[in-house]
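K.L.:
no FASTA, just this:
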Ligand code: HEC
Ligand code: HEC
């Protein structure tokens, strides 16, 4: 009985809507199929997408061939963004456990004499908690059993200095520092950064207590 009355109300509403629609001016068939966006304008490719002719030329990345030490740097994208690699990386990649040439010029003890920016203090900091499984089989972080891995308090994060050893998570430099292709790029970035530091476009401010701003965490430094 209940179900029946729901169906009746439903039908009644549908009928009202139908009457309502009837009063609106409907687009003509021609208007509703009028293309407003061409297929060619959708992608990076601006040529006929059904034909492969010589006029379709792929975008060629144009990486810097300036040798490291020629002095050009690239403005940072935003405050404390990883700087882009301004020099040639020919012969330096891939980085392997036994061959990381980036460190031969960028480690703080050599950087000055090489004229390179030293690897900052954040790269000598371990943000990962000590993780293990306790006697009850529970995952623990910094000795605390984790009930919910999406813990929003962030109290299972820790900050520990790694001394003069690079933190393992920073070893593979090009995970974050990409070589930059020249001005001739496929899509221009129109983002306007609002630097919080005066020299934000050329230097990182992320060190000392700044590393812990806004984090309710264990400070092991
Ligand atoms: C032969 C020494 C040398 C090696 C090897 C080297 N670099 Fe550099 N790097 C420099 C110098 C010098 C600069 C400063 C700009 C310049 O003169 O090229 C620099 C600049 C940079 C910058 C920009 C820093 C800033 O403040 O904007 C980044 C990022 C960078 N290098 C990353 C790397 C990575 C990643 C590798 C390994 C793939 C690497 N470098 C290998 C010497 C080196
Ligand atoms: C997980 C990402 C990541 C990895 C891996 C990484 N970096 Fe960085 N790097 C950053 C970020 C983010 C910044 C800017 C904020 C900061 O200083 O921590 C930065 C900053 C820098 C700077 C500029 C420091 C300054 O004072 O302006 C240099 C130079 C640098 N990194 C070199 C390296 C080298 C060399 C490696 C490899 C040994 C490396 N980084 C690995 C993310 C990374």
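P.N.:
Perfect, thanks for sending it. Note that the structure is a prediction, hence the values are computed from the model and not measured. Numbers count the residues shown, from 1 in each chain. Ligands and ions are numbered 1, 2, ... in the order given.
K.L.:
what residues does the protein put near ligand 2?
P.N.:
80, 82-83, 102-103, 106, 117, 119-120, 122-123, 166, 169-173, 175-177, 203-204, 206 (Cβ under 6 Å from any ligand atom). Where you see a C-beta, it was placed from the backbone N, CA and C, and this is true even at glycine.
K.L.:
go again with 5 Å.
P.N.:
80, 82, 102, 106, 117, 119-120, 122, 170, 173, 175-176, 203-204, 206 (Cβ under 5 Å from any ligand atom).
K.L.:
out of these, which are buried?
P.N.:
Buried by 16 or more other Cβ atoms under 10 Å: 80, 102, 106, 117, 119, 120, 122, 170, 173, 203, 204, out of these.
K.L.:
contacting residues for the residue found closest to the fifth one once you drop the neighbours it is linked to in the chain?
P.N.:
Translated: residue 119. Nearest residue to residue 119 in three dimensions, chain neighbours excluded: residue 106, at 5.0 Å (Cβ to Cβ, 6 or more residues apart in numbering). Residue 106 sits next to 114, 116, 117, 118, 119, 173 when contact means Cβ atoms under 8 Å, 6 or more residues apart in numbering.
K.L.:
rewinding a little: between the buried ones among the residues of the chain next to ligand 2, which sits nearest residue 55?
P.N.:
residue 173 (38.8 Å; Cβ to Cβ).
K.L.:
filter the buried ones among the residues of the chain next to ligand 2 down to the ones in helices?
P.N.:
Among these, the members found in helices (DSSP state H) are 102, 106.
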